[in-house]
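Colleague: Next input, structure requested:
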Amino acid sequence: MNKILEIILKTSETIRVRVLGLVVLSILIPSLASGWLALKYLDETIKAQVLSDVSVHTERIGSLTSEWLSKRSMDVRAFTSSPLLREEVEALLKKKRGREINRARNSVNKYLSYLLEDNPLFTEFTVATIANGILAHQPGDGALDTKNLQGKDLEGPEPVMVEVEGDAGGKIFVVQALGNGESTNTALFIGILDTENLLNRIGVESPPYSTAYLINSKGILKGMPVPAVSDPIAPKGVKALLNYTGLPRQYTGITGDIVIGTGRKISNLPWSIILETSKDRAFVPLNKFRRQVIFLALLISAVLLVPALLLARTIVLPLEELSKTSRKIRGGDAGLEVSFKASGELGELVDSFNSMSLSLKNSMEELSAVNSQLMVLTITDPLTGRHNRRYIVDRIDSELKLVKRTNRPLSIIMLDLDYFKKYNDKYGHIAGDEALRKLGDLFRESTRESDVVARYGGEEFLIMMPHTDKEGALKAAENLRAAVEEAVFTPGGKKTKITVSLGVAAAPSDGMAFDDLVEAADLAMYAAKKAGRNRVYSFNEQLTRGASPRAPQKSSRKTSDPSSKAPPQKRRKKADPSSQKTSKGRPSKRQNEPK
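Modeller: Numbering: from 1, shown residues only. The predicted model follows:
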């Protein structure tokens, strides 16, 4: 390493001498014509970059605005998913006795007050009908005129965003139909967005020396981004951007200045986002660069000499080749060598560089091999050689996202060895470990390549089966059960048998979250254990709610009804509209549950 440093120091001294001679004798510089061409090219490049920046920022702010509005629609959909809310609204629509109506209205108002408290991005919440007006409103007494919603298609399954004009320049209503089968008296859940918050977000995302604002399809400004702007009607140049999809253009902005701007439509509303950048501010770097280039071109043209080319050739070409190769190596092409032949100090530097490049390649290959081994170790259970819990949790989460997008089925099988503690106590833990290894191999051989087999914990295994419905998973689970039952284990030379209990659950019917799906399979597996073990059970709603369950789907003679032996679980409480929180996590095993 010290030798390389000495070579670099000697080379730098030599280069310094050569450069000084080059500066004194001649400097390779462009002529005035080359300078003019370079100026023209860079002028166009900087202009294109400015226009590109305006387009990119407009697209980014528009996407963030659409995403913000979409999230508010999802919020309203979540707010209206409460069964108790729908029951109370139905009671209000049926116009029962006065006491019942007051109770229902108070319950709905309490729920709306809770939502308003926890969701500051909304300013008001209302439950109303177009025909009969407001049923409940928060905060305070309702003053919303539902006639503004007449003639709009609001009865679909998804929330609808509606612009309603008012004294404050317009409001954004997020409307979700609750529905009762009568189109003339449909109950509507209405959330009024805090548009001031939206405008502030847009202002924060705007780049320096730029102004971003909203405009509706009629050319009316939504919010005043500049205090000096008092006329809500947008100028002609701004209106021209409503349906414009090309590059940013130059026009007179809302403040009367010449600006560069463009627009983008908002997907959730008939609005557009407009971004304007002051022309003078945008092209300040360009004007400064023009002056610098002109000055340099004049200076360089005055000292241009031909001998500079000859002197530069002996220095620049080797260094340029060295620089190009180093950039490629930095980009990931380790092991490249400089092919340019040089003499003297530069030749020694090139040789040292090539040697270091080769050493770097060898080191990277060794590191890649070690990383590959580490990756395998982090996702593999060391005892059974199957995947570990961490890996299958991540895989199931990823597959559930595909289920949401493609609606393809996904099934899991939770299985637990029967009386495995007795097996360990009788034959010892070494024999138990050998049995787990053998079962891990058996499960892998008895499933498809696309299936994922993992040791979930202790004597529990979890199998994920993509593109498989519950019926197919039941058949696969029965094959696994039969294969284990037929397998012979010989701890200490003694032949013995092991059985397993299996629970099957499928997405989307039994859950679309990892915890929900595993909980369903776990409940089915414990129902199989309580029914006598060595069985396959699939999840059904009775197992969750504690009522007398229907007979689960049978896959063989070993499958039986869990309701005949398994005691009913505690009934879950109904969801309270005043509490929207849910708890996640796999159910804990109680001490008296069978193993």
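
Colleague: I'd say Gly385 and Asp441 touch.
Modeller: Yes: in terms of CB atoms under 8 Å, Gly385 counts as a neighbour of Asp441; the distance is 7.5 Å. Where you see a C-beta, it was placed from the backbone N, CA and C, and this is true even at glycine.

Colleague: Could you report the separation of the closest residue in space to Lys494 that isn't next to it in sequence from Phe489?
Modeller: In space, Lys494 comes closest to Tyr427 once its chain neighbours are excluded; the distance is 7.8 Å by CB to CB, 6 or more residues apart in numbering. Remark: distance between Tyr427 and Phe489 (CB to CB, to the nearest Å) = 9 Å.

Colleague: Next, show the common contact partners of these two.
Modeller: Residues touching both Tyr427 and Phe489 (CB atoms under 8 Å, 6 or more residues apart in numbering) are Thr496.

Colleague: Tell me, how many residues neighbour Pro139?
Modeller: Look at Pro139: counted by other CB atoms under 10 Å, it has 13 neighbours.

Colleague: any idea how far Thr406 is from the residue nearest to Lys494?
Modeller: With distances defined as CB to CB, the gap from Tyr427 to Thr406 amounts to 46 Å.

Colleague: Name the residue in those two with the higher neighbour count.
Modeller: A count of neighbours by other CB under 10 Å puts Tyr427 above the other of Tyr427 and Thr406, at 18 against 9.

Colleague: Wait, the more buried one touches Thr490, no?
Modeller: No: counting by CB under 8 Å, Thr490 is not a contact partner of Tyr427; they are 9.9 Å apart.

Colleague: Need the residues touching each of those two.
Modeller: What both Tyr427 and Thr490 touch, as defined by CB under 8 Å, 6+ apart, is the set Thr496.

Colleague: Could you report the distance from Ser34 to Ala177?
Modeller: As for Ser34, its distance to Ala177 is 69 Å (criterion: CB to CB).

Colleague: Compare those two (neighbour count), which wins?
Modeller: More neighbours sit around Ala177 than around the other of Ser34 and Ala177, counting by other CB under 10 Å; the figures are 19 against 14.

Colleague: Just grab the bridge partners of the more buried one for me.
Modeller: Applying DSSP bridges to Ala177 gives these bridge partners: Leu188.

Colleague: element containing Ile215?
Modeller: In the assignment (DSSP states H and E), Ile215 maps to strand 210-216.

Colleague: What strands line up against that strand, and which way round?
Modeller: Sheet pairing for strand 210-216, assigned by DSSP bridges, gives strand 221-222 (antiparallel), strand 271-278 (antiparallel).

Colleague: so which of those strands gets nearest Glu337?
Modeller: Evaluated with CB to CB, these place strand 271-278 nearest to Glu337, the distance being 47.7 Å.

Colleague: contacting residues around the closest one?
Modeller: Contacts of strand 271-278 (CB under 8 Å, 6+ apart): 50, 54, 57-58, 61-62, 65, 163, 202, 206-207, 209-217, 222, 238, 241-242, 253-254, 257-266.

Colleague: buried sites along stretch 406-423?
Modeller: 409-418, 420, 423 (16 or more other CB atoms under 10 Å).

Colleague: which one of the strands paired with strand 210-216 has the lowest average pLDDT?
Modeller: In terms of average pLDDT, strand 221-222 trails the rest of the strands paired with strand 210-216, at a mean of 67.
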